[in-house]
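Visitor: take this sequence and fold it.
(2 chains)
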2 protein chains.
Amino acid sequence: MENVSIGLLGFGTVGSGVVHIINAHQDRLEHQLGCQVSIRKILVQDPTKPRKVDLKDAVLTQDVNDIIDDPTIDVVIEVMGSVEDTKDYVSRALRNKKHILTANKDMMALYGNELLQLAQENEVDFYYEASVAGGIPIIRSLVEGLAPDRLTNLMGILNGTTNYILTKMSQEGRDYADVLKEAQSLGFAEADPTSDVEGLDAARKLKILASLGFSMDIDLADVSVTGISNVTQNDLEFCHQLGYSMKLIALANRDNGKVEVSVEPTLIPHEHPLAAVNNEFNAVYVNGEAIGELMFYGPGAGMLPTATAVVSDLMTVIKNMRLNVTGNSMTPPQYEKNLKTDDEVAAKYFVRLLAVDIPGTFAEVTTLFGQNDISLEKVLQLPVANEAHAEIVVTTYKTRKSNFNKVLQALENSIAVKNIKSYYRIEGE
Amino acid sequence: MENVSIGLLGFGTVGSGVVHIINAHQDRLEHQLGCQVSIRKILVQDPTKPRKVDLKDAVLTQDVNDIIDDPTIDVVIEVMGSVEDTKDYVSRALRNKKHILTANKDMMALYGNELLQLAQENEVDFYYEASVAGGIPIIRSLVEGLAPDRLTNLMGILNGTTNYILTKMSQEGRDYADVLKEAQSLGFAEADPTSDVEGLDAARKLKILASLGFSMDIDLADVSVTGISNVTQNDLEFCHQLGYSMKLIALANRDNGKVEVSVEPTLIPHEHPLAAVNNEFNAVYVNGEAIGELMFYGPGAGMLPTATAVVSDLMTVIKNMRLNVTGNSMTPPQYEKNLKTDDEVAAKYFVRLLAVDIPGTFAEVTTLFGQNDISLEKVLQLPVANEAHAEIVVTTYKTRKSNFNKVLQALENSIAVKNIKSYYRIEGE
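Guide: The predicted model follows:
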């Protein structure tokens, strides 16, 4: 085996990064793999578009069949994005005995198991390190480094756009809309930011990590998702005052074999390692029965970090090819899916509300918490200038989510409460 | 292959952890490996000593030959520590075609290459994840996840004892001797703490990481080492005032193919991810040409974290055994060793000195820096109560280490300077 031939589906940011790394680090690849690696064909939309990387002998094509039906191509790298068509191309490539590498979290969140199964049936490799947290080798670490352990808790900052927005809002006292606009102009946020800011992107990545980390086939629909578009500067100021940083946390935890998966803006104590993960950086914090706490920190996106993850998978495939042991990249889940009910989810919460400023209001509000079996840890009450209202901020001790939902309902119905401004989960204490 | 048989050399903290994890997580191992894993024999000093873990069918022996000559044992796990005898046992086990896993950084720092070579000649596996940074899967990440990249910089907090001491000194304003005593009583520091506090332990781990990260055969003797035993509370206060945290940093960097390796107390800006690594935790921060910055954070020692690393290696070996592809765990270094001279090492520095408090002193001191081509970034001058001296603290811009050594000499010789109290490197800006 003197040369491994690659077909690339897509030639955007990550694709260009893959071509760049394979060109620029060829000596390193050859040294470690003992063979040359060359990109044979690249599927593009527009072959006339100028490209910034050296194509060497690679041929551009607009016909996907040129790649997936080419018997000389060993490995197909899918970096074109989107789901349905892409899944079809990848499936056909697998049936044609091509090894697959992908950076496509959307496709993996929806069809990962089906595709991994198909890879196994066809005795080819299928890796997807780049689909979660860009350059952080988190999938490899969960599957290999932490393989002997049983995870109890995973908390990820998996979306760079929302972490950038929350960081700037916190550090610079600016509003959500203002920072979002800036993030869009810097290219950190898309023109339509919904998938990022509403937590869907993080949910897809969490589905992938939680399924691996808990060895359980969790569905995207199992993830309860809340985004950051309603977070206000006031919320952040109160959080800071109480000793917390707000992060969009993708959380998965397990107790007694039952699992919870959620993405939501969450308060983390300032001294927690996740609180120091700022701007567009990503991080994954895990707790395991044996390992204790570990955190992986790094770039969650970007041309070269993501491409490094793709090429690290490529090196694994090529080593497997040389040893003739491809087709073993899948371990089926060990456990049946078993999700927690709201009675089994336990957390601390932060609640901020506007109360009617008359005698007895404060006692009424705190009584409602007590009636729902919730103890309060911290309480702030502040008058609101020029209004007959008081702002009340409380944090609770650990409580059942079902009880917390009940108290929210009771607060909504109470004549002492004008409205509930916001509430957030607290983790990491 | 229905069962893999293991011989354990040593039954101390890590050995007990390995036995515990193999017992307690047997279902997880069987699910992933498709075979049972059992510990057959354990080399101990005292077979009558009570043990806290369930031995199942394992036999205790005082004769190492019982293990390394036993043809039914597939894998030998070396967790006995020490170097010369241990290396002999491991070598003999390798010649008897046993796969080897070790947590022994001392042996790996001195004889790692020789042993890896021997493993390759005997077509067996040899892994040592547990030898550096306990439960953090850093070797795996360097060898696999970052394989396509070229590292430019690695900074590690690799010794939990010194990180604990520096954290407590910084956060609680206590003296070195006082905190060391506490660390000894808590079991974080040994009765003879020399290897930890003088930086030797970190140097051994750095030798291992730098050799892998830069694909260059670096010797332990190449690491320039300074410990923390001279760090004073005054130093820490000035650092803090200037915006830095002090950490014992194991540093390796590469420019133009030339490498520097050193362990020394180093000032890191408060906002750098390494500055948030406190108490006994370890972390490895790396920069790569493509990946940018990554950090791995976690427990650097401890029974179960270190044993998790050992058992993760064990799972890799067993997968290799099942696929019949053992003997491929070594990649020889890609580059000839090429170390930087002091002219090629560039860094910022912090210097604190006591000057004679007469007119012109301050100008004299700053002139000496200028004469050696060193620009000053920050300068503090403070009178010392009841003494005819002034304390001067400066930080420099980036300078050659050779020039910095010259200015230290010139300061020593100057009549304006009573003595140099301390100086430290600054990194991470």
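Visitor: contacts for stretch A:207-215 next, please.
Guide: Applying CB atoms under 8 Å, 6 or more residues apart in numbering or on different chains, the contact partners of stretch A:207-215 are A:105, A:108-109, A:112, A:128, A:131-132, A:138-139, A:142-143, A:146, A:151, A:154, A:156, A:158, A:216-220, A:222-223, A:250, A:252, A:254, A:259, A:261, A:284, A:286, A:331, A:333-335, B:28, B:31. Any C-beta I mention is one placed from the backbone N, CA and C, and that applies to glycine too.
Visitor: which of these count as buried?
Guide: Using 16 or more other CB atoms under 10 Å in any protein chain shown as the burial test, these include A:105, A:108-109, A:112, A:128, A:131-132, A:138-139, A:142-143, A:146, A:151, A:154, A:156, A:158, A:216, A:218, A:220, A:222-223, A:250, A:252, A:254, A:259, A:261, A:284, A:286, A:331, B:28 as buried.
Visitor: among those residues, which lie within strands?
Guide: A:151, A:154, A:156, A:250, A:252, A:254, A:259, A:261, A:284, A:286 (DSSP state E).
Visitor: need these in CSV with distance to residue A:88, can you?
Guide: What follows is these, written out as CSV (distance: CB to CB, whole Å):
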residue, distance to residue A:88
A:151, 34
A:154, 32
A:156, 30
A:250, 29
A:252, 30
A:254, 35
A:259, 31
A:261, 28
A:284, 31
A:286, 34
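Visitor: residues of the stretch 101-250 of chain A that sit close to chain B?
Guide: A:129, A:135-137, A:140-141, A:144-150, A:215 (CB under 8 Å from any CB of the partner chain).
Visitor: which of those tops the neighbour count?
Guide: Highest neighbour count within those, by other CB atoms under 10 Å in any protein chain shown: residue A:145, with 31 neighbours.
Visitor: now the helices for chain A?
Guide: For chain A, helices defined by DSSP state H occupy the ranges A:13-24, A:26-33, A:65-68, A:84-95, A:105-121, A:138-140, A:160-172, A:176-185, A:194-197, A:200-213, A:233-241, A:303-323, A:361-371, A:401-413.
Visitor: relative orientation of the lowest-mean-pLDDT helix or strand in chain A and helix A:233-241 in degrees?
Guide: When each helix and strand of chain A is scored by mean pLDDT, DSSP states H and E, strand A:376-383 comes last, with a mean of 90. Angle of strand A:376-383 versus helix A:233-241, following axes from the mean of the first three to the mean of the last three CA atoms, to 10 degrees, is 130 degrees.
Visitor: what pairs with strand A:376-383, parallel or antiparallel?
Guide: strand A:389-396 (antiparallel) (DSSP bridges).
Visitor: could I get the average pLDDT for the partner strand?
Guide: Across strand A:389-396, pLDDT averages out at 94.
Visitor: wait, which of the helices of chain A is closest to residue B:395?
Guide: helix A:160-172 (24.6 Å; CB to CB).
Visitor: CA-only coordinates of the closest one, as CSV, when you get a sec.
Guide: This file holds the C-alpha atoms of helix A:160-172, laid out as CSV (Å, rounded to 0.1, in the frame of the first residue of the first chain):
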residue,chain,number,x,y,z
GLY,A,160,-19.0,28.7,20.1
THR,A,161,-21.5,31.3,18.9
THR,A,162,-23.6,31.3,22.1
ASN,A,163,-20.6,31.1,24.3
TYR,A,164,-19.2,34.2,22.5
ILE,A,165,-22.5,36.0,23.0
LEU,A,166,-22.8,35.2,26.7
THR,A,167,-19.1,36.1,27.3
LYS,A,168,-19.4,39.5,25.7
MET,A,169,-22.8,40.2,27.4
SER,A,170,-21.2,39.3,30.8
GLN,A,171,-17.9,41.0,30.4
GLU,A,172,-19.0,44.1,28.5
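Visitor: which residues sit against it?
Guide: With CB under 8 Å, 6+ apart, helix A:160-172 has contacts from A:157, A:174-176, A:179-180, A:182-183, A:188-190, A:193, A:196-197, A:199, A:201-202, A:227-228, A:231, A:233, A:236, A:240, A:245-248, A:265, A:277-282, A:299-301.
Visitor: buried ones among those residues?
Guide: Applying 16+ other CB under 10 Å to these flags A:157, A:174, A:176, A:179-180, A:182-183, A:188-189, A:193, A:196-197, A:199, A:201-202, A:227-228, A:231, A:236, A:245-248, A:265, A:277-278, A:280-282, A:299-301 as buried.
Visitor: what's the end-to-end length of stretch A:191-210?
Guide: End-to-end distance for stretch A:191-210: 29 Å, by CA to CA, to the nearest Å.
Visitor: could I get the average pLDDT for it?
Guide: Computed over stretch A:191-210, the average pLDDT equals 97.
Visitor: and for stretch A:317-334?
Guide: 93.
Visitor: check stretch A:144-152 too.
Guide: 94.
Visitor: sorry, back to before: and the helices of chain A as TSV, adding distance to residue A:6?
Guide: As requested, the helices of chain A are exported to TSV (distance: least, CB to CB, whole Å):
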stretch	distance to residue A:6
helix A:13-24	8
helix A:26-33	11
helix A:65-68	9
helix A:84-95	12
helix A:105-121	17
helix A:138-140	20
helix A:160-172	27
helix A:176-185	34
helix A:194-197	29
helix A:200-213	24
helix A:233-241	46
helix A:303-323	7
helix A:361-371	60
helix A:401-413	47
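Visitor: nearest to residue A:428, of these?
Guide: Using CB to CB, the helices of chain A put helix A:233-241 closest to residue A:428, at 12.8 Å.
Visitor: run the chain-centre distance for that closest one.
Guide: 24 Å (CA atoms, centre = their mean, to the nearest Å).
Visitor: likewise stretch A:73-90?
Guide: Taking mean C-alpha positions (CA atoms, centre = their mean), stretch A:73-90 and its chain are 21 Å apart.
Visitor: for it, buried residues please.
Guide: For stretch A:73-90, by 16+ other CB under 10 Å, it's A:73-81, A:86-87, A:89-90.
Visitor: what of stretch A:97-108?
Guide: A:98, A:99, A:100, A:101, A:102, A:103, A:104, A:105, A:106, A:107, A:108.
Visitor: re earlier: now, which of the ones in strands among the buried ones among the contacts of stretch A:207-215 sits nearest chain B?
Guide: residue A:286 (9.0 Å; CB to the nearest CB).
Visitor: list the contacts for the closest one?
Guide: Residue A:286 neighbours (CB under 8 Å, 6+ apart): A:142, A:146, A:151, A:153, A:154, A:155, A:213, A:293, A:294, A:295.
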